[in-house]
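**Student:** fold the following.
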Amino acid sequence: MNTAIDESTQVRHGIVGPPALFPQPPSHQCLLDPKNIPQLLPDAWAWPLDELNGPAIQLRRDAAIRLVQMTRGGSRAAAARYLGIALGALQSATVTIRAWQKMPGNADASQDALQRIAEIAAATEASS
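**Tutor:** This next block holds a predicted model:
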């Protein structure tokens, strides 16, 4: 019985793929207010994403979701709901982003851009 369960789990994991590249614990709770994170990031925040030559709309949507995760914790779905992003848009962005992140250097570049966006957003919030 245990062998069958182990095999089933391994197969399911292989089909689903690797775990998320950026699980976000609430690392910016005191630096950002999630109420100030827009669904569509302003250009002044999102310019680090423009340097990535990736899928621009999906990267911006993903960055907004990640920022909410950084301030509140929780899942991508919970963060998307908080922002008012439809489940279909979340799933589409996730598939596109994961495929793009598999190319060499893109996952690290995306994480670096997200950190810069968080710093920009925190500085903007602090100066308001």
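**Student:** and the average pLDDT for the host helix or strand of Gly88 is what?
**Tutor:** Using DSSP states H and E, Gly88 falls within helix 87-101. What helix 87-101 shows for mean pLDDT is 91.
**Student:** and the helices in the protein?
**Tutor:** Applying DSSP state H to the chain gives helices spanning 2-16, 43-50, 56-72, 76-83, 87-101, 106-127.
**Student:** these: which one's closest to Leu31?
**Tutor:** For these, the distance to Leu31 is smallest for helix 106-127, at 4.3 Å, taking Cβ to Cβ. All C-beta spots, glycine's among them, are computed from the backbone N, C-alpha and C.
**Student:** that closest one - contacts with which helices or strands?
**Tutor:** Identification of packing neighbours for helix 106-127 by 3 or more Cβ pairs under 8 Å, 6 or more residues apart in numbering; DSSP states H and E yields helix 43-50, helix 56-72, helix 87-101.
**Student:** next, work out how far apart the residue nearest to Asn106 when sequence neighbours are not counted and Ala109 are.
**Tutor:** In space, and not counting its chain neighbours, Asn106 is closest to Trp100: 5.6 Å by Cβ to Cβ, 6 or more residues apart in numbering. Here Trp100 is placed at a distance of 10 Å from Ala109 (Cβ to Cβ, to the nearest Å).
**Student:** ok, now Arg81?
**Tutor:** Noted for Arg81: a distance of 28 Å to Ala109, by Cβ to Cβ.
**Student:** next one: Ala118
**Tutor:** For Ala118, the distance to Ala109 (Cβ to Cβ) stands at 15 Å.
**Student:** and Asp33, by the same measure?
**Tutor:** 27 Å.
**Student:** one step back: which of Ala118 and Ala109 has more neighbours?
**Tutor:** Ala118 (21 against 18; other Cβ atoms under 10 Å).
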